[in-house]
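**Q** A predicted structure for the sequence below; I have some questions about it.
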Amino acid sequence: MTVGRDYMLRKGGGPSAPKLFLDTKVVPRLVDVAGGAEVALDRAARATGVRPSLLLAGTMSGLAVAVVGIWRSFGAKRRASGERAVGAGAPGEPT
């Protein structure tokens, strides 16, 4: 493919509607949330005297433990109601 002289002079139709929505609504909000989380982490680190990386690691670990606990509680409720997970039969038993 060759590029002609007027390649940079031609105007396109502009970005598509989904890209425009993503660029003007979603990305700025995500950046604001990330910036707010960074400021909160910095303030918490200054207030406690603990390094931000340790605070972040502790927060993520606590979140992981909470998710696993919720996941297990739903599994226990499902087992109590008699539902079986796919492939949860005894060896050799059809699933």
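**A** Ah, there it is. Numbers count the residues shown, from 1 in each chain.
**Q** and Val65, what are its phi and psi?
**A** phi -60, psi -40 (degrees, to the nearest 10).
**Q** again, but for Pro28
**A** According to degrees, to the nearest 10, Pro28 has phi -60, psi -40.
**Q** residue ranges with poor pLDDT in this protein?
**A** 1, 11, 82-95 (pLDDT under 70).
**Q** now the helices: where do they sit in it?
**A** 17-21, 27-48, 52-80 (DSSP state H).
**Q** a markdown table please, covering the ones you listed and showing mean neighbour count and distance to Arg5.
**A** In this view, the C-beta of every residue, glycine as well, is placed from N, C-alpha and C. As requested, the helices of the chain are exported to a markdown table (neighbours: other Cβ atoms under 10 Å; distance: least, Cβ to Cβ, whole Å):
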| stretch | mean neighbour count | distance to Arg5 |
| --- | --- | --- |
| helix 17-21 | 10 | 28 |
| helix 27-48 | 11 | 34 |
| helix 52-80 | 11 | 53 |
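**Q** Switch those helices over to CSV; also include distance to Leu9.
**A** As requested, the helices of the chain are exported to CSV (distance: least, Cβ to Cβ, whole Å):
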stretch, distance to Leu9
helix 17-21, 22
helix 27-48, 29
helix 52-80, 49
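**Q** Ok, which of those helices comes nearest Val3?
**A** Val3 sits nearest to helix 17-21 of all the helices of the chain, at 23.2 Å, using Cβ to Cβ.
**Q** CA atoms only for that closest one, dumped as CSV, please.
**A** Provided in CSV are the C-alpha atoms of helix 17-21 (Å, rounded to 0.1, in the frame of the first residue of the first chain):
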residue,chain,number,x,y,z
ALA,A,17,-20.1,6.6,18.7
PRO,A,18,-18.8,3.8,20.9
LYS,A,19,-15.2,5.2,20.8
LEU,A,20,-16.4,8.7,21.5
PHE,A,21,-18.4,7.5,24.5
